[in-house]
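>>> Generate coordinates for the sequence data below:
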Amino acid sequence: MTPAPGAPPRGRGRRRDQLIAFGWLVLVWSLLWGDFSWGNLVGGALVAGAVLLFFPLPPVSFGGRLRPGPLLVFALRFVGELVSASAHVARVAVQPGYRPRGAIIAVRLRIRTDLNLALTAEAISLVPGTLIVEVDRDVGVLYVHVFDTHGPQDLRASRQRILAVERRLVRAVGSVAEVRRVSADSVERGP
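Numbering: from 1, shown residues only. Below is the predicted model:
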C-alpha cells in the first residue's frame, strides 16, 4: 500500500529524511566554525543528534523532484528581482520628502503543502520591499506587506509577482501534478 500524496514519510523514507537533516546540521556546524577538523565534525554530529532527538520537527514530505532547468530559471529570476527591488528601495530611501505607502495583501497559494508555503514565504521575504506578516497553513494564504504602493494596480501586480514566484518554485521542485496545477492556473489567470 502506497501512502497518499502529501502524507508524512514512513519507515525508510523517514530515516532517509532524518539522515539528510543530520548531514545538513553537521555541515552547518562545521561552516559556522569555519573548519572541517575531526573535532568539529564529531561536535557537529553530537549537536545534530541532540537536535534531532530532543527537538524533532514534524515530517515534511517531498513528493516532487528537482528539475535543474526550472531551478536555474528560478535562481536567475530571483537574483533579478533582488537587484531590481534593492534599487527601488534605495531610490525611495534617498528621495527627499517622499513618503512611501505600504499595504498588506492576502495571497492564496495554489499548492498548500507545508514545503511550498515555506519555500514561497522564504523567497518572498528575501526580496527587499516585501515581508511575510503571517501564514495561514489551513487555507494556504500568505499575508504579505508590500512597500511603496500607489493603488489597486500595484496590489494586483504584487499578488501576481508572488504567484509567479510560487509557479517558478513548483516548476523547479514540485511533483508532476503540482506543476500541472500551477500551469493550468497561470493559463486561466493570464501571465
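
>>> hey, let's count contacts and neighbours off CA atoms from now on
OK.

>>> Name the helix or strand of the chain that has the lowest mean pLDDT.
Every helix and strand in the chain was compared by mean pLDDT, DSSP states H and E; the lowest is helix 176-189, with a mean of 77.

>>> What helices and strands are in contact with that one?
helix 152-173 (3 or more CA pairs under 8 Å, 6 or more residues apart in numbering; DSSP states H and E).

>>> List the contacts of the spatially most central residue of the chain.
Centroid check for the chain by CA atoms, centre = their mean gives Leu119 as the closest residue, at 1.5 Å. Counting by CA atoms under 8 Å, 6 or more residues apart in numbering, Leu119 touches Leu169.

>>> run the last query once more with 6 Å
Residues near Leu119 by CA atoms under 6 Å, 6 or more residues apart in numbering: none.

>>> That one is in what secondary structure piece?
Using DSSP states H and E, Leu119 sits within helix 114-126.

>>> what do you get for Val107?
Residue-wise, Val107 maps onto strand 103-108 under DSSP H and E.

>>> what does Gly39 give?
Using DSSP H and E, Gly39 falls in helix 38-54.

>>> and the helix or strand just after that helix, what does it pack onto?
Remark: after helix 38-54, the chain's next helix or strand is helix 68-94, criterion DSSP H and E. Other helices and strands packing on helix 68-94, by 3 or more CA pairs under 6 Å, 6 or more residues apart in numbering; DSSP states H and E, are helix 152-173.

>>> again, only this time at 10 Å
helix 114-126, helix 152-173 (3 or more CA pairs under 10 Å, 6 or more residues apart in numbering; DSSP states H and E).

>>> Next, the buried residues of the longest one.
Looking back up the chat, that one is helix 152-173. For helix 152-173, a neighbour-count test (16 or more other CA atoms under 10 Å) marks 155, 158-160, 162-173 as buried.

>>> do the same with the shortest one
By neighbour count, with 16+ other CA under 10 Å as the criterion, the buried positions of helix 114-126 are Asp114, Asn116, Leu117, Thr120, Ala121, Ala123, Ile124, Ser125.
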